[in-house]
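Asker: After the sequence you'll find the predicted model.
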Amino acid sequence: MKFRANLYIGGAFFATAVIVGVLAPVIATHDPVFDANLMNAELPPGWEYPFGTDAQGRDIYSRVVHGARISLTVGLVAQCINSIIGVSLGLTAGYWGGWWDDLVSGLTNLMLAIPSLIFALAIMAILGPGLVSLLIALGLTSWSYSCRLARAQVLSLKSQGYVQAAKILGYSDLRIMFTQLLPNILGPLIVIATLGAGGSILAEAALSFLGLGIRPPYPSWGSMLSDAREQITTAPWLSIFPGLAIFITVLGLNLLGDGLRDILDPQSRERTS
Amino acid sequence: MAEADQTPLLAIDNLAVHYPIGGTFRGPRRVLKAVDGIALTVAPGECLGLVGESGCGKSTLAMTIMGLVPPTHGRIRIADQEISAAKKADHMHLARTVQMVFQDPYASLNPRQTVRRTLADPLRLHGIGNKTEVEHRVADIMAKVGLRPEQADRYPHEFSGGQRQRIGIARALILRPRLVLCDEPVSALDVSIRAQIINLLLELKDDLGLSYVMISHDLGVVEHVSDRVAVMYLGRIVERGGWREIFEDPRHPYTRALIAAIPDAFRRRAVAGQKARGEIPSALAPPPGCHFHTRCPLAADQCRSDVPLLEPVAPGHLAACHFRDRATSLHGELVEP
């Protein structure tokens, strides 16, 4: 097995983020929400507060650690919803064609034409702020990329001999989609999904900034970044650390996606015998 | 060797497949007659060679027989099943009677499935046998097509083109069909491998009592394997008969042009007047009368207005040419080296 740097480095970054999120209550040194003390406001990084403190005197390290829970949940769950919707629509539209393809393509173009953040805002406005409505809003608004990709790939694959052979052997449409088409289009879809997960983390930040995401005292990386905007010159550590957390997680996800695509492709695997 | 007395395994009757082209927003509405009134039979154990240039409708005909393209009119009877414009194919049932070997061995195998999975999945889908029987049948068919059992867990990219085509043949035979359509089974292979695959197909035909429809533009292959030959031009059959009649006494000028085009080191069959000139016309606007008159060395006024019918020149040998009886045999034109 050859060494796959992107898989291992990406996996390590992403695993770190996940472990930090899971162990947040254990490894946090302060309470992320209630340990506010204005006497300690905007302290630079030091022994007591390794990442410094924010404008309310809360420990940024503890807030970043706890923020991992919300940011990762939003990023992964929202992207899962996007991928499931996008792939099932794209796969069926590409394979069946006809009026269903026209409908799905029209809907995809509509979704691409409306900025997804505006659309998510509208959904949030109806559902009200909160984690669940955030997941729904982000999960329903950016499936168009995976949908387009899946459809385009299926269009190019469905005339391949092995898809026709499967039809001739009596495979049902669903079986062809799941056994013949999906495994062959999975690689690029995984890459798109990892990019999208990073995008969802950033979209959560934007919605939180507008007051429609995670309610303020609770930390998410995006909302911390938004709050730190005004102190970027006077207290840069307020934005550097949540920014680094997003950077490492998204980079890890992208590298991981790249590595997964490689091992999902049997042609890049070594011979078995 | 046509066994005319037997009930045919495949009977095609006045089959037509027309594709509407254009329509709303896509230019003027026209009709592409890919297959235009074809009648054919294949007897059990027989190999029918189907010959023609690209674009003559061979592949559409194959897709229609496989039930992937619905006929516009006419009907196809395969063993006990019928496909027509009104009656769609029952794929599960059809799959166990007729199967297909594809042209491109690189595109016709799923790159994400091992050979074992490619061969075993259809058996499971059709509920044939338990686990050990499935294993047994996979090993059996692999041995029959000349693959080693330990190769079953490999992926298609680990095989050469010839081996891949063997896997494709194994997949076509795993459900034990009675009729196999071979769509240019060797034209994508290296010349050195072709004979092996052709001989394998012939052996399997005798072993398993199969019938073949051998679709090819390579007359050399067709001459070698076919009992009977049908020549297609622009959606119609222009000549059909036993392979000996077709190759030794071709009556349609198109057949003669095809035979003249076979590269042959010893016999100079190519005579200038035999060659077809120019390109195959568009199937969207086929020439009136005989479709071949634009390229035919014998074309006369009659050919431009009257459609020649497929009529017998000898028992079992039919040609659709107004001058089918005027044609001289190729023997008279042989030039000995």
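Answerer: Now that the structure is in, tell me what you want to look at.

Asker: Spell out the residue ranges of the helices in the chain.
Answerer: If you meant another chain, say so; for now it's chain A. Along chain A, counting by DSSP state H, helices occupy A:5-22, A:24-27, A:60-96, A:98-113, A:116-127, A:131-139, A:144-157, A:161-168, A:173-175, A:182-209, A:221-227, A:237-264.

Asker: please go with chain B instead
Answerer: Applying DSSP H to chain B gives helices spanning B:58-65, B:91-95, B:115-125, B:131-144, B:161-173, B:191-208, B:219-225, B:243-248, B:253-260, B:301-305.

Asker: Distance from the third one to the middle of the chain?
Answerer: Between the mean C-alpha location of helix B:115-125 and the chain-wide mean there is a distance of 26 Å, by CA atoms, centre = their mean, to the nearest Å.

Asker: With the fifth one instead?
Answerer: What separates the centre of helix B:161-173 from the centre of its chain is 17 Å, taken as CA atoms, centre = their mean.

Asker: before we move on, the earlier item: of the helices of chain A, which is nearest residue B:237?
Answerer: Closest to residue B:237 of the helices of chain A, according to CB to CB: helix A:161-168, at 23.7 Å. No exception for glycine: its C-beta is placed from N, CA and C like everyone else's.

Asker: ok, now how distant is residue B:19 from residue B:98?
Answerer: Noted for residue B:19: a distance of 23 Å to residue B:98, by CB to CB, to the nearest Å.

Asker: ok, residue 200 - contacts?
Answerer: Just going to use chain A. Residues in contact with residue A:200, defined by CB atoms under 8 Å, 6 or more residues apart in numbering or on different chains, are A:74-75, A:78-79, A:82, A:138, A:142.

Asker: Chain B was what I was after
Answerer: Counted by CB under 8 Å, 6+ apart, residue B:200 has contacts B:145-146, B:166, B:169.

Asker: Can you name the residue of the stretch 1-150 of chain B nearest to chain A?
Answerer: residue B:108 (2.8 Å; CB to the nearest CB).

Asker: my guess is that residue meets residue B:102, correct?
Answerer: Yes. Under the criterion of CB atoms under 8 Å, residue B:108 makes contact with residue B:102 at 3.8 Å.

Asker: Now for the two: what residues contact both?
Answerer: Joint contacts of residue B:108 and residue B:102 (CB under 8 Å, 6+ apart) are A:161, A:164-165, B:168.

Asker: can you list the weak-confidence ranges in chain A?
Answerer: Filtered on pLDDT under 70, chain A yields the residue ranges A:1-3, A:36, A:43, A:265-273.

Asker: Find the closest residue to chain B in it.
Answerer: Closest point on chain A to chain B, by CB to the nearest CB, is residue A:161, at 2.8 Å.

Asker: how far away is the nearest residue to that residue once chain neighbours are set aside from residue B:286?
Answerer: Closest residue to residue A:161 apart from its sequence neighbours, by CB to CB, 6 or more residues apart in numbering or on different chains: residue B:108 at 2.8 Å. From residue B:108 across to residue B:286, the span is 31 Å (CB to CB).

Asker: Looking only at neighbour counts, state which of the two leads.
Answerer: A side-by-side neighbour count of residue B:108 and residue B:286, using other CB atoms under 10 Å in any protein chain shown, places residue B:108 first with 25 against 20.

Asker: Touching, residue B:142 and residue B:170? I think so.
Answerer: Yes. Under the criterion of CB under 8 Å, residue B:142 makes contact with residue B:170 at 6.0 Å.

Asker: Can you tell me which of the helices of chain A is most buried?
Answerer: Greatest average neighbour count among those goes to helix A:221-227 (a mean of 25), per mean count of other CB atoms under 10 Å in any protein chain shown.

Asker: Need the CA coordinates for that one. PDB is fine.
Answerer: The C-alpha coordinates for helix A:221-227 follow below in PDB (Å, rounded to 0.1, in the frame of the first residue of the first chain):
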ATOM      1  CA  TRP A 221     -16.700  29.200  15.000                       C
ATOM      2  CA  GLY A 222     -18.700  31.300  12.500                       C
ATOM      3  CA  SER A 223     -20.400  33.400  15.100                       C
ATOM      4  CA  MET A 224     -17.100  34.000  17.000                       C
ATOM      5  CA  LEU A 225     -15.500  35.100  13.800                       C
ATOM      6  CA  SER A 226     -18.400  37.500  13.100                       C
ATOM      7  CA  ASP A 227     -18.300  38.900  16.600                       C
END
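
Asker: Figure out how far that helix is from the centre of its chain.
Answerer: Mean C-alpha position of helix A:221-227 versus that of the full chain (CA atoms, centre = their mean) differs by 17 Å.

Asker: what packs against it?
Answerer: In terms of contact count using 3 or more CB pairs under 8 Å, 6 or more residues apart in numbering or on different chains; DSSP states H and E, helix A:221-227 is assigned the packing partners helix A:60-96, helix A:182-209, helix A:237-264.
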